[in-house]
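[1] Structural data only, the sequence is not supplied:
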Ligand SMILES: C[S@@+](CC[C@H](N)C(=O)[O-])C[C@H]1O[C@@H](n2cnc3c(N)ncnc32)[C@H](O)[C@@H]1O
């Protein structure tokens, strides 16, 4: 049973997402985003609520239910460890080299990155909020957020980031990052990021930026909330795989945990290899944009507080609203 504080914090998050989506419908996504980023008080309230919720309530609940709501943070670390340090990267490379032979593709990039043992992984955590991945010694994390909740997180809007061709590391200017070099990261993490954005084009832009920033064989890890059973939003999740495949990413891991989908996409040695999967599918089975369940519902104008307080609201609407997928119900 969630405490009153837990519910209050969740409501701050849900209401912020909802008002951004409502503004996007009225003003258009770009203007709504600018307005959103200019509202510093609201961003501060959101980021503090998010940090409290995640560090006080979710982590505690996750450690109680070990087999179920395993912490998303540890899930990400475990898979990176397996991929980079237990030779999964080599297995995936061999698999792709086989596909390249089948489609007569010559790979002209130097894919042989060798052994990763003892390597420190360069990680970009987008929408980091409070830098939860700093606890792992093998991660050198660059945490970025439009509204940092802790001192070590850089202020940066990933939708308006400049990505440059440059082999040198770019030093951040103070607490802000506006520019990053391409192909500089081993891992990019979107943990509960994409559903924050009100339109599919913005989600797609985040993935395009991630593609540019990752080196070949690097990983884009996406965690997205969903408290329903695995099949409920299957078409949406399959469509993410489809769209990302066309961008050059191969999905190499998918887990549905009780409140989240956890997905790992590898930047393939070539776009032809990754997109081969999408081209073998029936295009009509997929959405051609990165939708989230909220894009399809008409409930955005109902106040969540009303639904929680008044039991006379239709039960189906209550369920839909409370499972709006804004947040995992950890
Ligand atoms: C639901 S919180 C998730 C926080 C953290 N990643 C976690 O898993 O607990 C989403 C975060 O993404 C940030 N965010 C949303 N859009 C962003 C963007 N375009 N660039 C950078 N950060 C963004 C928000 O400020 C917020 O802190």
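    Received the coordinates, thanks. Values in this document were obtained by computation on a predicted structure and should not be read as measured data.
[2] Which secondary structure state does residue 81 sit in?
    helix (DSSP: H, G, I helix; E, B strand; the rest coil).
[3] Distance of the closest residue to it other than its chain neighbours relative to residue 76?
    Nearest residue to residue 81 in three dimensions, chain neighbours excluded: residue 138, at 7.4 Å (Cβ to Cβ, 6 or more residues apart in numbering). C-beta coordinates here come from the backbone N, C-alpha and C atoms, glycine included. Distance of residue 138 to residue 76, computed by Cβ to Cβ, to the nearest Å: 12 Å.
[4] ditto for residue 163
    Going from residue 163 to residue 76 by Cβ to Cβ gives 23 Å.
[5] Any stretches of the stretch 151-300 of the chain with poor pLDDT?
    167-168, 298-300 (pLDDT under 70).
[6] List, one by one, the residues from it near the ligand.
    When proximity is defined as Cβ under 6 Å from any ligand atom, the stretch 151-300 of the chain approaches the ligand at 156, 157, 158, 159, 191, 192, 193, 196.
[7] Among these, which ones are in strands?
    residue 191 (DSSP state E).
[8] which one among the residues of the stretch 151-300 of the chain next to the ligand gets closest to residue 252?
    residue 191 (17.7 Å; Cβ to Cβ).
[9] Leaving out the residues flanking it, which one is nearest to the closest one?
    Residue 191 sits nearest to residue 223 (Cβ to Cβ, 6+ apart), 4.4 Å away.
[10] In three-state terms, label that neighbour for me.
    strand.
[11] so it bridges to which residues?
    Beta-bridge partners for residue 223, by DSSP bridges, are residue 191, residue 262.
[12] how about the helices of the stretch 51-200 of the chain, start to end?
    With DSSP state H, counting those that start in this stretch as the criterion, the stretch 51-200 of the chain has helices at 59-64, 72-80, 88-102, 200-213.
[13] Make TSV from those and add distance to residue 281 and mean neighbour count to it.
    Shown next, in TSV, are the helices of the stretch 51-200 of the chain (distance: least, Cβ to Cβ, whole Å; neighbours: other Cβ atoms under 10 Å):
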stretch	distance to residue 281	mean neighbour count
helix 59-64	35	14
helix 72-80	25	20
helix 88-102	15	16
helix 200-213	18	20
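[14] Run a quick neighbour tally on the residue nearest to residue 81.
    By other Cβ atoms under 10 Å, the residues close to residue 138 number 15.
[15] doesn't residue 121 make contact with it?
    Yes - using Cβ atoms under 8 Å, residue 138 makes contact with residue 121 at a distance of 5.9 Å.
[16] which residues are in contact with both of the two?
    Here residue 138 and residue 121 share the contacting residues residue 80, scored by Cβ atoms under 8 Å, 6 or more residues apart in numbering.
[17] And the helix or strand hosting residue 273, what does it pack against?
    Element membership of residue 273, judged by DSSP states H and E, is helix 271-279. Applying 3 or more Cβ pairs under 8 Å, 6 or more residues apart in numbering; DSSP states H and E, we find helix 271-279 packed against helix 88-102, helix 234-247, strand 249-257.
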